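Novice: Show me how the following folds:
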Amino acid sequence: MQAERLTPAIGALISGINLCEPLTPAQCSELSALLVDNHVLFFENQPLTPRQHRDLAANFGALHIHPVYPHFDDVEEIIILDTNVDNPPDNDSWHSDVPFIECPPMGCLLSARELPPKGGDTMWASCIAAYDALDDEYKVLIENLTAENDIAKAFPESHYGKTPEALAQLAEARKKNPPMRHPVVRTHPVSGRRGIYVNQNFTTRIIELAPDKSAEVLDFLTAHVARPEFVVRWKWKQYDLAFWDNRLTQHFANADYLPHRRVMHRATILGDKPFR
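Specialist: Okay, the predicted model is just below:
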């Protein structure tokens, strides 16, 4: 394998590996190390079937089954993200995936299946680089704070409850996933580096702060993470695959391609409980 770093803060293009073939233990170890170092890895021309996609992701841990997004009937671990005029995009804000559970995902693998003629890029931000750039006084301010993350904020009834069946599914997802609290500053379990762990989609408040101060800190941190110097932007080609470390990155899927269609498949690898 060869790794070409794409920006100073985040991202590497990986070549010299066929992800459609079973990985060896050595390849899994090398990819895991590259993921920690680069935060998000990009691979070109990897036409994975859903089963291959699932089996690839399973090399790195147990897989999550999403409570809201649709999936393949025979490969329920693979989410189908099919966005179009009848199902508008919902990921055009900065977020990490599934922070509403006790042990959020360690990583995700996203495969481009059908793309618009233009647009539909995805951006990733390094929450470690963003944290490192804070001044010491602000780091002290947020050091021991706790944030609440709520599935209801990211999955509103207005978008996901348009039929009785969808509304019932959403209600069940909310019942099974009550608001979850995680540290505002999280330590990466492998690298030991620290990073910001709040996001626009799911984080509703900071527990220890009054509402006005909570909103002020969240507004600052979410805007700070999105600064261009912490970001890599990927222009998709069919069968590209991105593998990102969900523990301390955020991503943003540009919703600039309607009325065209964009279809992506995602596998989500469970992780561990965030700690300071």
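Novice: Now do residue 195 against residue 227, distance only.
Specialist: 14 Å (CB to CB, to the nearest Å). All C-beta atoms are positioned from the backbone trio N, CA, C, and that covers glycine.
Novice: joint contacts of those two?
Specialist: The contact sets of residue 195 and residue 227 overlap at residue 130 (CB atoms under 8 Å, 6 or more residues apart in numbering).
Novice: So those two - more neighbours on which side?
Specialist: residue 195 (22 against 13; other CB atoms under 10 Å).
Novice: May I have the beta-bridge partners of the more buried one?
Specialist: residue 186 (DSSP bridges).
Novice: Distance check, it against residue 100.
Specialist: Taking CB to CB, one finds residue 195 at 19 Å from residue 100.
Novice: ok, which stretches of the stretch 1-150 of the chain are helices?
Specialist: Here the stretch 1-150 of the chain has its helices, by DSSP state H, counting those that start in this stretch, at 25-38, 50-58, 127-132, 136-142.
Novice: out of those helices, deepest packed?
Specialist: Mean neighbour count (mean count of other CB atoms under 10 Å) peaks for helix 127-132 among those, with a mean of 23.
Novice: okay, and for the stretch 101-250 of the chain, where does confidence drop off?
Specialist: Along the stretch 101-250 of the chain, segments meeting pLDDT under 70 are nowhere present.
Novice: wait, what's in contact with residue 109?
Specialist: 53, 56-57, 241-243, 266-267, 269.
Novice: Ok, residue 217 next?
Specialist: Per CB under 8 Å, 6+ apart, neighbours of residue 217: 141-142, 145, 184, 206, 209.
Novice: Quickly note the distance from the nearest residue to residue 273 once chain neighbours are set aside to residue 64.
Specialist: Nearest residue to residue 273, sequence neighbours excluded (CB to CB, 6 or more residues apart in numbering): residue 103, at 5.1 Å. For residue 103, the distance to residue 64 equals 9 Å [CB to CB].
Novice: okay, and the common contacts of the two?
Specialist: Contacts common to residue 103 and residue 64, judged by CB under 8 Å, 6+ apart, are residue 270.
Novice: More neighbours: these two, which one.
Specialist: Between residue 103 and residue 64, counted using other CB under 10 Å, the more crowded position is residue 64 (22 against 14).
Novice: next one: phi and psi at the more buried one?
Specialist: Main-chain dihedrals, residue 64, degrees, to the nearest 10: phi -90, psi 140.
Novice: In space, what's closest to it - neighbours in sequence excluded?
Specialist: Closest to residue 64 by CB to CB, 6+ apart is residue 268, at 4.2 Å.
Novice: Quick check: the one you found is in a strand.
Specialist: Yes: using DSSP: H, G, I helix; E, B strand; the rest coil, the assignment for residue 268 is a strand.
Novice: Pretty sure it sits against residue 103.
Specialist: No: the criterion here is CB atoms under 8 Å, and residue 268 misses it with residue 103 at 11.9 Å.
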